[in-house]
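Chemist: no FASTA, just this:
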């Protein structure tokens, strides 16, 4: 999977949290518990990314918001989003659409 902001289809893609996933905001990030009870810790700025994704924002909006929230340059923002989404999809934490 290669998510790039220049890819027209990827720009409008949305993701949703898998139904069996539970998560809670903690003081310094997010605690996610998967369907098997395994815990996943997301520190900032990945916690902010998870929150934006959980609200159903398309990738273009998430991209621009994360660039400002995390004060990252465009390539670092794209890498953060791509790597995080790929990891979360592979772990079954997120679903496309």
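Modeler: Right, received. Where do you want to start? Here the structure is a predicted model, which means the values were calculated and not measured.
Chemist: looking at this structure, which helix is longest?
Modeler: When the chain is parsed with DSSP state H, its longest helix is helix 74-90.
Chemist: buried stuff in stretch 54-72?
Modeler: 57, 59, 62, 63, 65, 66, 67, 69, 72 (16 or more other C-beta atoms under 10 Å). Where you see a C-beta, it was placed from the backbone N, CA and C, and this is true even at glycine.
Chemist: what is the end-to-end distance of it?
Modeler: Between the opening and closing residues of stretch 54-72 lies a distance of 21 Å (C-alpha to C-alpha, to the nearest Å).
Chemist: i'd like the first residue to be 54 from this point on
Modeler: Shifting the count to begin at 54 puts that one at stretch 107-125.
Chemist: how distant is it from the center of its chain?
Modeler: 9 Å (C-alpha atoms, centre = their mean, to the nearest Å).
Chemist: and for stretch 105-123?
Modeler: Counting by C-alpha atoms, centre = their mean, stretch 105-123 comes out at 8 Å from the chain centroid.
Chemist: and if you look at stretch 114-127?
Modeler: Counting by C-alpha atoms, centre = their mean, stretch 114-127 comes out at 12 Å from the chain centroid.
Chemist: and the average pLDDT for that stretch is what?
Modeler: Confidence for stretch 114-127, expressed as mean pLDDT, is 92.
Chemist: the longest helix of the chain: what's the following helix or strand?
Modeler: Next helix or strand after helix 127-143 toward the C-terminus (DSSP states H and E): strand 147-149.
Chemist: now do the helices in this protein.
Modeler: 61-64, 99-107, 112-122, 127-143.
Chemist: out of the helices and strands in this protein, which is least certain?
Modeler: Least confident helix or strand of the chain, by mean pLDDT, DSSP states H and E, is helix 61-64 with a mean of 52.
Chemist: tell me the spacing between the nearest residue to residue 120 once chain neighbours are set aside and residue 105.
Modeler: Spatial nearest neighbour of residue 120, chain neighbours left out: residue 130 (4.5 Å); criterion: C-beta to C-beta, 6 or more residues apart in numbering. Distance of residue 130 to residue 105, given as C-beta to C-beta, to the nearest Å: 12 Å.
Chemist: now the common contact residues for those two.
Modeler: residue 119 (C-beta atoms under 8 Å, 6 or more residues apart in numbering).
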